[in-house]
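attaching a predicted model along with its sequence, questions to come.
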Amino acid sequence: MVVRFASLVFFALVSVAQAKPLLVDDAQLASLRANAKVVSSLLKKCDKELSAPTHAVADFAPAPRYTAQGANPDDDHAKGLTGDIRRAYRAALCFRLSGNTAYAKQAQTTTDTWANTMKSASSAQGRSDINFNIAQLIVATSWLEGVNGWSAASFKSWLESVITPLTLSAEPNNRGNWGNLQDVAIAAFTDNQPALNKAALRWQSLVASQIADDGTFPLEICRSNSSNHCDGPDKGVNGLAYTHYALLPTTIAGAILQQEGMAALPADPTSMKLAAAYRKTLGFTLHPETFPFFISNNNKLNKIDYCSYFPLLRRELASAGLTSVPTEREHVCSGDYWLLQTLFAN
């Protein structure tokens, strides 16, 4: 039965042999495919989502996430985008693991629907949410190009004409990291080498400017839970959460750049700063009482365990020759909507 399953997957993927899957290569997928328990769990979830509708809108304009009074729950626009993209990502992965083209079709439909429907993002939160999410859809689409004879040409055109102008990569904080990840993903997926070179330089610049010598992110550790981003009575309560939220896109963008042959050298200041950030953030995650704003927030911090990118970051640092980074207890991490612990923990 195992041999037959592997054969089905092989024949299903023959048609996409020329496609270049971003972030996760075929060898990594083959390794994951051998974990029957994990694959079975993923496929069951994908089966439940096969009939899920898409929620694309012509003008993506969610309400602001933060007000002076605190954080708002996501509205229908925001939930529609994130839900669609995360389901498409899971479906694409389920296809790569199983060879079942029904999963591929679902993800392709989501991609086409958004590309054919959305023409603008007129609110500031809409532009931010596109930057926070679109790279995941690009990665998923890179796993599907050519399957069932499907072309991603219209999606690529949409990325270049509608999505690229929305980039926030010039921002100095985590929004810049997410914008940079968007730029890296688009450039890699569309084989735009000049754009990829530019995005790689911006990635290095962000790491150099954002991470202090002690490994902290000064623009993130102060984050409150209101539109008064770095001040107010709860200053720092979201500081560790936003540290993770800056390191997550930095890690994924760095992994794609490594995949594209732009790996950092062991002595590169970028790698050294990333290693310092990993050590410091790991320490805060395991021991939140050591975080600068822990006591001032009545011994409470929000979302301290959104560290699912740790295994990928360790791998990235090891590829740069930095093998002496510590490891963490994997069970402390949650919020794994990119499934990075599933893909890279081993």
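Here it is on my side, so go on. Numbers count the residues shown, from 1 in each chain.

residue 325 - how many residues pack around it?
Counted with other Cβ atoms under 10 Å, residues neighbouring residue 325 total 17. Placement of C-beta: from N, CA and C, glycine included.

please name the nearest non-neighbouring residue to it.
Leaving out its chain neighbours, the residue that sits closest to residue 325 by Cβ to Cβ, 6 or more residues apart in numbering is residue 317, at 5.3 Å.

need the pLDDT of the one you found.
Per-residue confidence (pLDDT) for residue 317: 90.

what's the following helix or strand after the helix or strand containing it?
Secondary structure assigned from DSSP states H and E places residue 317 in helix 310-319. With elements assigned by DSSP H and E, the helix or strand that comes after helix 310-319 is helix 340-344.

in this structure, which helix or strand is least confident?
Counting by mean pLDDT, DSSP states H and E, the chain has its least confident helix or strand at helix 2-13, which shows a mean of 36.

following element in sequence after that one, please.
Later in the chain than helix 2-13, the nearest helix or strand by DSSP H and E is helix 26-33.

that following helix packs against which elements?
Other elements packing on helix 26-33 under the criterion 3 or more Cβ pairs under 8 Å, 6 or more residues apart in numbering; DSSP states H and E are helix 36-49, helix 76-98, helix 340-344.

the residue nearest to residue 325 - how many residues pack around it?
22.

ok, now which ones touch it?
271, 274, 275, 278, 323, 325 (Cβ atoms under 8 Å, 6 or more residues apart in numbering).

mind listing the helices for the stretch 101-250 of the chain?
101-117, 124-142, 153-158, 174-189, 193-210, 239-259 (DSSP state H, counting those that start in this stretch).

run a quick neighbour tally on residue 51.
Close neighbours of residue 51, defined as other Cβ under 10 Å, add up to 7.

ditto for residue 127
Residue 127 - counted by other Cβ under 10 Å - has 20 other residues nearby.

what does residue 297 give?
When counting by other Cβ under 10 Å, one arrives at 19 neighbours for residue 297.

how much space separates the closest residue to it other than its chain neighbours from residue 344?
Excluding its sequence neighbours, the residue lying closest to residue 297 (Cβ to Cβ, 6+ apart) is residue 237, at 4.6 Å. Noted for residue 237: a distance of 29 Å to residue 344, by Cβ to Cβ, to the nearest Å.

distance between stretch 160-180 and the chain's centre?
Relative to its parent chain, stretch 160-180 has a centroid offset of 14 Å by Cα atoms, centre = their mean, to the nearest Å.

I meant to write stretch 318-325 there.
Worked out by Cα atoms, centre = their mean, stretch 318-325 lies 22 Å from the chain centre.
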